[in-house]
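Engineer: quick one, structure for this:
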Amino acid sequence: MKSNKKMECVKIIVKGLVQGVGYRFFVKQTAMSLNVKGFVKNLDDGHVLIIAKGEHEDLKAFINACKQGPRFALVKNIVVSPCESLEFERIKNFETFKVLF
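Structural biologist: Purely as a prediction, here's the structure:
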């Protein structure tokens, strides 16, 4: 039986002490446990970028986990916005969640 739930796509910018503390791998594990697809990557400015797609409730739980992060991370701010069309096109066929370098 096919799900009638609509897939959503979000862009998340995470600010704080989120590089060098296992944050990307925490995000990947969390995404995979919640059936969220997409990618996470460090940005040159010290922030982390996440583009994720999934069902509304799964994304909500994913975003809440991203606000906490792993043990040694210190998330100061998280900005969540809908994906732009190019971002969605980039991940629409993703079947998993990836850490990009």
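Engineer: show me the longest helix that occurs in this structure.
Structural biologist: Counting residues, the longest helix in the chain under DSSP state H turns out to be helix 56-68.
Engineer: sheet-wise, list the partners of the helix or strand that it is followed by with their directions.
Structural biologist: Counting by DSSP states H and E, the element after helix 56-68 in chain order, helix or strand, is strand 74-82. Using DSSP bridges, the strands paired with strand 74-82 are strand 7-17 (antiparallel).
Engineer: which parts of the partner strand are buried?
Structural biologist: For strand 7-17, the neighbour count (16 or more other C-beta atoms under 10 Å) marks Glu8, Cys9, Val10, Lys11, Ile12, Val14, Lys15, Gly16 as buried. (Glycine included, C-beta is placed from N, CA and C.)
Engineer: can you check stretch 33-46 too?
Structural biologist: So stretch 33-46, judged by 16+ other C-beta under 10 Å, has buried residues Leu34, Val36, Lys37, Gly38, Phe39, Val40, Asn42.
Engineer: repeat for stretch 44-59
Structural biologist: His47, Val48, Leu49, Ile50, Ile51, Ala52, Lys53, Gly54, Asp58, Leu59.
Engineer: quick one: the helix or strand of the chain with the lowest mean pLDDT to chain centroid distance?
Structural biologist: In the chain, no helix or strand scores lower on mean pLDDT, DSSP states H and E than helix 85-91, which sits at a mean of 88. Chain-centre distance of helix 85-91: 14 Å, with C-alpha atoms, centre = their mean, to the nearest Å.
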